[in-house]
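sequence plus predicted model, see below.
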Amino acid sequence: MAVIQRRGRRIMMTDEERDTYLAEQRTCRVATVGPDGRPHVGALWFCWDGTSLWLYSITRSLRWSHLGHDPHIAVVVDDGVEYGELRGIELSGEVAFVGEAPRTGEPCPELAVPEELFAAKYFGMEVMPHDGRHAWLRLTPKAVTSWDFGKLSDPPTV
């Protein structure tokens, strides 16, 4: 994973800060592009395993259809209200479809960790429930940009 920080190196998150932030946050925004060139952005739940972002998507969604034509994706996870609270991460690259689609729980060793993380994070469970409508997308980012405006010593006043 390449860290792409065009500007603002002093507000960039460390690897440890990034991992903690992605473990704590619950919703990301996922951007895809359809075969007609139209972009689509939608909110989605996710988990981070330290290397890849795992997205649990409805297989009959516009997002899924777009990714079937073009696996390139950009994902933003951000939060904050006041200027000095703004934090976030943008991850981009190509997704891989992992496991059966839709997911019914067939054995898939590659999904053991993300399903354990996701089940604990969103359902408070040890075992992932499967609804026969969702499936997994794995983004091992080619580029990562992060920001934490709390690292600025003198945020601007409004």
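Nice, I can see it. Numbers count the residues shown, from 1 in each chain.

the longest helix in the chain is where?
helix 15-24 (DSSP state H).

and that one, how far out from the chain middle?
12 Å (Cα atoms, centre = their mean, to the nearest Å).

going by neighbour count, list what's buried in that helix.
18, 21-22 (16 or more other Cβ atoms under 10 Å). The C-beta positions use only the backbone N, C-alpha and C, and glycine is treated the same way.

adjacent strands (with direction) for the next helix or strand along the chain from that helix?
The element immediately downstream of helix 15-24 (helix or strand, assigned by DSSP states H and E) is strand 27-33. Each strand that pairs with strand 27-33, with its direction, by DSSP bridges: strand 39-48 (antiparallel), strand 72-79 (antiparallel).

for the residue nearest to the spatial centre of the chain, name its beta-bridge partners.
Computing the C-alpha centroid of the chain and ranking residues by Cα atoms, centre = their mean puts residue 53 first, at 4.8 Å. Taking DSSP bridges as the rule, residue 53 bridges to residue 48, residue 139.

may I see the buried residues of the longest strand seen in the chain?
Counting by DSSP state E, the longest strand found in the chain is strand 87-98. Buried residues in strand 87-98, defined by neighbour count with 16+ other Cβ under 10 Å: 87-93, 95, 97-98.

now stretch 51-67
Buried-residue list, stretch 51-67, by 16+ other Cβ under 10 Å: 52-57, 59, 61, 63-64, 66-67.

do the same with stretch 120-127
Buried residues in stretch 120-127, counting neighbours by 16+ other Cβ under 10 Å, are found at residue 121.

for that stretch, the distance to its chain's centre please.
Centroid separation for stretch 120-127 versus its chain: 18 Å, with Cα atoms, centre = their mean.

circling back: doesn't residue 144 make contact with the residue nearest to the centre of the chain?
No - with contacts counted by Cβ atoms under 8 Å, residue 53 stays clear of residue 144, the gap being 9.8 Å.

identify the contacts common to these two.
Common contacts of residue 53 and residue 144 (Cβ atoms under 8 Å, 6 or more residues apart in numbering): residue 91.

list the contacts for residue 137?
54-57, 67, 73, 95-98.

secondary structure element holding it?
Per DSSP H and E: residue 137 is located in strand 134-139.

flag the shaky bits of the protein, pLDDT-wise.
1-7, 153-158 (pLDDT under 70).

try 90 this time
Residues of the chain meeting the criterion pLDDT under 90: 1-10, 12, 80, 82-85, 150-158.

quick revisit: would you mind measuring from the residue nearest to the centre of the chain to residue 114?
With distances taken as Cβ to Cβ, to the nearest Å, residue 53 is found 9 Å from residue 114.
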